[in-house]
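Trainee: predicted model and sequence below, questions to follow.
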Amino acid sequence: NSSYQLSSVPLQILFYINGIYYIFYFLATLAMIVYKSEVFSYPDDFLAPDLALLFIMAILEVLRLYLGSKGNLTEEEAPLGLSLVMTVGSVILSVYFLVWQTYVLKADVILNALLLFTYGLESVLKVGAIAAFVS
């Protein structure tokens, strides 16, 4: 084994920032769903799925960031690759909150656009790190 460090420092920093940002994203989105349910005539059969998807997304995010961080630090491509695959699910859920949820506020657009940007940047860095680990 070589003594070179292959793990990506920018990727690790981005995982950290994403973790902090996601906590803010989750709380803001949860607050907005509550706000929308109070202010707008939120159909009851849409409130539960929107909340359920937000909680599913949070669980996915914790696992995604954990596997990505672990894979990067241990220089293993499998957990990092799995994290990359899970990012696809996170992107789909983010797009749901950006486009398809019952009510989309300007704040939803800003929060999700920023989240999608970080997912894109993170994915590019993950592919680079995986390539470094495999070579």
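Mentor: The structure has been received and is ready for your questions.

Trainee: residue 93 and residue 115, how far apart?
Mentor: Separation of residue 93 from residue 115 (Cβ to Cβ, to the nearest Å): 10 Å. Just so you know, the C-beta spots here come from the backbone N, C-alpha and C atoms, and that holds for glycine as well.

Trainee: more neighbours: which of these two?
Mentor: Per other Cβ atoms under 10 Å, whichever of residue 93 and residue 115 has more neighbours is residue 115, with 24 against 19.

Trainee: which element is the more buried one on?
Mentor: Taking DSSP states H and E as the criterion, residue 115 maps to helix 106-134.

Trainee: so where do the strands sit in the chain?
Mentor: Secondary structure of the chain (DSSP state E): no strands present.

Trainee: which residues of it score low on pLDDT?
Mentor: The chain contains residues with pLDDT under 70 at 1-3.

Trainee: just the helices in it please.
Mentor: 9-39, 44-73, 77-95, 106-134 (DSSP state H).

Trainee: the last one packs against which elements?
Mentor: In terms of contacts (3 or more Cβ pairs under 8 Å, 6 or more residues apart in numbering; DSSP states H and E), helix 106-134 is packed against helix 9-39, helix 44-73, helix 77-95.

Trainee: please apply the same query to the third one.
Mentor: For helix 77-95, the packing partners by 3+ Cβ pairs under 8 Å, 6+ apart come out as helix 44-73, helix 106-134.

Trainee: mind listing what's buried in that helix?
Mentor: Along helix 77-95, these residues count as buried under the neighbour rule (16 or more other Cβ atoms under 10 Å): 77, 79, 80, 81, 82, 83, 84, 86, 87, 90, 93, 94.

Trainee: out of the residues you listed, flag the one nearest to residue 16.
Mentor: Set against residue 16, the nearest of these by Cβ to Cβ is residue 83 (14.2 Å).

Trainee: how near is the closest one to residue 55?
Mentor: From residue 83 to residue 55 the distance is 20 Å (Cβ to Cβ).

Trainee: what do you get for residue 105?
Mentor: Separation of residue 105 from residue 55 (Cβ to Cβ): 20 Å.
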